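Asker: I would like the atomic coordinates for the input below:
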Amino acid sequence: MFNLRHITIKKKLVLMQVFTSVIVLGLCFIVFVITHINDYKERKAQSMLSLSQVIATNSISAIQFEDADAAKRILADLREVSPDVLNAAILDQQNTLFAEYKKDGADTFMFDIHALVGHQATYTSDNLFICNKITDNNDTLGTICIRTELAELKNIKNKQYDIAAVILVIGVGLAFLIALLVQPYISRRLLHLVGVMRQVGK
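Answerer: Model (predicted):
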């Protein structure tokens, strides 16, 4: 079993410095990753909210004239404009499905409008949900709902973890090297004091 009591003072000082460096590196990286992910989520949400606003504006006439085919054509443009959108739906004033879009290969999805009301952007582990009102002269005509996959976020996380592993290995190596170089200056006085105490004890 590993016992620190059997380790010399020099080695203990080296281990303390390396351990401290690893903790500091780990905390800094955690803050960096969380900040980076939150920034991405905010940018993605703003981008999809802007897209939903454009769709809402273009859908006003289709809803007013009850032209579901025109609304479907508007949603179909998502295939080219934003390929990461899995599902989209336009709901009327009664929250009844008016037109919908499904990406090729995606699952059929029913939006829970009651869960999305009041939350323009809602995240799950895999998706971003956007809910935006369709209005004309302050009159609410319906709602546009969008479900977007977050495959890019997964790639960002995986890349960050890979970077973390490399930085941690390099950081531990540098911390160990620096600790070996600095340790004699730190331990010299301490070892001298220990030697004097041993002599006094004898």
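
Asker: correct me, but Phe29 touches Ile167?
Answerer: Yes. With contact defined as Cβ atoms under 8 Å, Phe29 counts as touching Ile167 (6.7 Å). To be clear about C-beta, it is placed using only N, CA and C from the backbone, and glycine gets the same treatment.

Asker: got any residues that touch both of these two?
Answerer: Common neighbours of Phe29 and Ile167 (criterion: Cβ atoms under 8 Å, 6 or more residues apart in numbering): none identified.

Asker: Counting neighbours, what do you get for Asp92?
Answerer: 17 (other Cβ atoms under 10 Å).

Asker: Touching, it and Ile134? I think so.
Answerer: No. Look at Asp92 against Ile134 with Cβ under 8 Å: they stay out of range, at 9.1 Å.

Asker: Identify the contacts common to the two.
Answerer: Ile63, Leu141, Gly142.

Asker: Next one: the second one relative to Asp69, how far apart?
Answerer: Applying Cβ to Cβ, to the nearest Å, the value for Leu141 to Asp69 is 17 Å.

Asker: For those two, work out which one has more neighbours and name it.
Answerer: Leu141 (20 against 9).

Asker: center of the protein - which residue?
Answerer: Ile37 (2.9 Å; Cα atoms, centre = their mean).

Asker: tell me which strands and helices the strand or helix carrying Ile55 is in contact with?
Answerer: Element membership for Ile55, per DSSP states H and E: helix 9-64. When contacts are defined as 3 or more Cβ pairs under 8 Å, 6 or more residues apart in numbering; DSSP states H and E, helix 9-64 packs onto helix 68-76, strand 85-91, strand 97-102, strand 121-123, strand 127-136, strand 139-149, helix 151-201.

Asker: Figure out how far the last one is from the centre of its chain.
Answerer: Its chain's C-alpha centre lies 29 Å from the corresponding centre of helix 151-201 when counted by Cα atoms, centre = their mean, to the nearest Å.

Asker: quick one: average confidence on that helix?
Answerer: Mean pLDDT, helix 151-201: 76.

Asker: returning to what we had before: measure how the helix holding Ile55 sits relative to strand 127-136, angle-wise.
Answerer: Inter-element angle recorded for helix 9-64 and strand 127-136: 30 degrees (by axes from the mean of the first three to the mean of the last three Cα atoms, to 10 degrees).

Asker: quick one, helix 9-64 and helix 151-201 angle?
Answerer: Using the same axes, to 10 degrees: helix 9-64 against helix 151-201 is 160 degrees.

Asker: Quick check: which ranges of this protein have low pLDDT?
Answerer: Filtered on pLDDT under 70, the chain yields the residue ranges 1-7, 9-10, 115-119, 183, 185-195, 202.

Asker: if I look at the nearest residue in space to Tyr123 that is not next to it in sequence, how far off is Thr35?
Answerer: The shortest distance from Tyr123 to any residue other than its chain neighbours is 6.5 Å, reached at Lys41 (Cβ to Cβ, 6 or more residues apart in numbering). Counting by Cβ to Cβ, the separation of Lys41 from Thr35 is 11 Å.

Asker: which one of the two has more residues nearby?
Answerer: Counted by other Cβ under 10 Å, Lys41 and Thr35 do not tie: Lys41 has more neighbours, with 15 against 10.
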